[in-house]
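**Student:** Next come a sequence and a model predicted from it.
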Amino acid sequence: MIPNSTIVTAIKEKKCLSFMYDGYSRVVEPHCYGIITADHHAIVGYQIRGLGVHNSNEHWHLFVLTKISNLQLLDETFPKPRDGYKKGDKRMNTIFCEL
């Protein structure tokens, strides 16, 4: 599978992503993008807006790309990695791009 260029651009330029996931609208600061088990592409990101299944609007998530729809690159940027981010996420078998 070829890496998603929108996600790679978002990480390289520290731009937020907007998408639907599990029926909820999310805005996320993407920090890492790669492949997890069973060759699924995934994003590790810090959700800054939107609700999720746990009704929390601000925390770390691993988002599997097959569950993402309406992916959009936003003009909104973030200055640096969020506290708690660890480079080289061990859940990823392959990392395409990370902060």
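**Tutor:** Yep, that arrived. These numbers come from a predicted model, not from an experiment.
**Student:** lowest-pLDDT helix or strand in the protein?
**Tutor:** The helix or strand of the chain with the lowest confidence, counting by mean pLDDT, DSSP states H and E, is strand 59-64 at a mean of 93.
**Student:** List the buried residues in it.
**Tutor:** His61, Phe63 (16 or more other Cβ atoms under 10 Å). Yep, even glycine has a C-beta here, placed from its N, CA and C like the rest.
**Student:** got a list of contacts for it?
**Tutor:** Applying Cβ atoms under 8 Å, 6 or more residues apart in numbering, the external contacts of strand 59-64 come out as 19, 21, 26, 28, 36, 40-47, 52, 82, 84, 91.
**Student:** out of those, which are inside helices?
**Tutor:** In helices, judged by DSSP state H, none of the contacts of strand 59-64 are found.
**Student:** Buried ones only from the residues you listed, please, as a PyMOL command.
**Tutor:** Selection of buried members from the contacts of strand 59-64 for PyMOL, criterion 16+ other Cβ under 10 Å:
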select buried, resi 19+21+26+28+36+41+42+43+44+45+46+47+52
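**Student:** strands paired with the longest strand seen in the chain, and their directions?
**Tutor:** Secondary structure assigned by DSSP state E gives strand 24-35 as the longest strand of the chain. Here strand 24-35 is paired, per DSSP bridges, with strand 15-21 (antiparallel), strand 41-49 (antiparallel), strand 94-98 (antiparallel).
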